[in-house]
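Sharing a model prediction with you, sequence too.
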Amino acid sequence: MAGGAEGRSVIVTGAGSGIGRSTALAFAAQGDRVVVADLNAEGARKVVEEIEAAGGTAVAVTGDLSEQAVVDEVTRTAVERFGGVDVLVNNAGIMDRMSALADVSDAEWERVLRVNLTAPFLLTRAVLPHMLAAGGGAIVSTASEAGLRGSAAGAAYTASKHGLVGLTKNLAVMYRKQGIRANAVAPGGTATAIAVDADREAHGPAALGPHFVNLGRLAQPEEQAAAIVFLASEAASNINGVILPVDDGWAAV
């Protein structure tokens, strides 16, 4: 890997707020150098300032990660500034409107799948040659309880997170002999700013309502970040292809 005395080169997407912000701060606190990637330029800038104020190293890249040009810029920044890519955290994501399948518009479906599944695919594909050249790397994605069950979100979000789970497992099998590990966390309810623009009277939210009684304790973003940092660490060197629920036991119900 490229990381040595200066720490690893880490890309965190959706790092301007919530789980991504906490994850970027956690990696930087242990000496890693972080590319803070986010659609929100102001949020990304503030996280970089937080990291630098604490003595860490970070750089912001802003843009829509479902666009190839932005993916290329994120990858290029990590390679040129920090010497490669040791860790990729595919965290950026958006919610759907909790829509049942018959009510999902083309726009809702395409946007949610584009951000939650296609963007991680594009960025992972872009960093893989650099990880392979360096002899390995760690990829951690933020899936969801909706990637483990059918009762945690609408059709589009559920499909996107199930897809991300499949992508993670396939990566783990395909590249394990090349020293690359791919895992994911599956958060339950977490205190973030992510918004759900749902019509509570529509079929989807009404049908899902009774199933949310098993949400468990609301997690803090730092708790999700701790699991992500662990999965990317040498302490998890033999953990590959795992989808780790971080949900206060919701997945066990």
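Structure received. Just so it is clear, the structure is predicted and the values come from calculations on it, not from any experiment. Numbering: from 1, shown residues only.

give the contact list for the nearest residue to Gln220 once chain neighbours are set aside.
Excluding its sequence neighbours, the residue lying closest to Gln220 (CB to CB, 6 or more residues apart in numbering) is Ala191, at 5.7 Å. Placement of C-beta: from N, CA and C, glycine included. Residues near Ala191 by CB atoms under 8 Å, 6 or more residues apart in numbering: Leu218, Ala219, Gln220, Pro221.

before we move on, which element is Ala186 in?
Using DSSP states H and E, Ala186 sits within strand 180-187.

Stretch 186-193 - what's its average pLDDT?
Across stretch 186-193, pLDDT averages out at 85.

Surely Gly56 and Ala26 touch.
No: counting by CB atoms under 8 Å, Gly56 stays clear of Ala26, with 10.5 Å between them.

what's the strand holding Ala186 packed up against?
helix 119-134, strand 137-142, helix 155-175, helix 221-231, strand 243-246 (3 or more CB pairs under 8 Å, 6 or more residues apart in numbering; DSSP states H and E).

got a markdown table for these, with distance to Thr75 too?
A markdown table is the format used below for the helices and strands packed on strand 180-187 (distance: least, CB to CB, whole Å):
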| stretch | distance to Thr75 |
| --- | --- |
| helix 119-134 | 4 |
| strand 137-142 | 12 |
| helix 155-175 | 16 |
| helix 221-231 | 19 |
| strand 243-246 | 25 |
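
Gly93: which of those is closest?
Closest of the helices and strands packed on strand 180-187 to Gly93 is strand 137-142, at 6.4 Å (criterion: CB to CB).

between that closest one and helix 155-175, how many degrees?
For strand 137-142 against helix 155-175, the angle by axes from the mean of the first three to the mean of the last three CA atoms, to 10 degrees is 160 degrees.

How far off centre is strand 137-142?
8 Å (CA atoms, centre = their mean, to the nearest Å).

So for that strand, mean pLDDT?
Strand 137-142 shows a mean pLDDT of 98 in the predicted model.

then that strand to PDB, C-alphas only?
Output in PDB follows, covering the C-alpha atoms of strand 137-142 (Å, rounded to 0.1, in the frame of the first residue of the first chain):
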ATOM      1  CA  GLY A 137      -6.400  -2.000  -0.500                       C
ATOM      2  CA  ALA A 138      -9.600  -1.800   1.500                       C
ATOM      3  CA  ILE A 139     -13.000  -0.800   0.300                       C
ATOM      4  CA  VAL A 140     -15.800  -0.200   2.700                       C
ATOM      5  CA  SER A 141     -19.300   0.800   1.600                       C
ATOM      6  CA  THR A 142     -22.200   2.100   3.500                       C
END
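
who's in contact with that strand?
1, 14, 19, 85-91, 93, 120, 124, 127, 130-131, 164, 167-168, 171, 179-185, 187, 224, 228, 231-233, 236.
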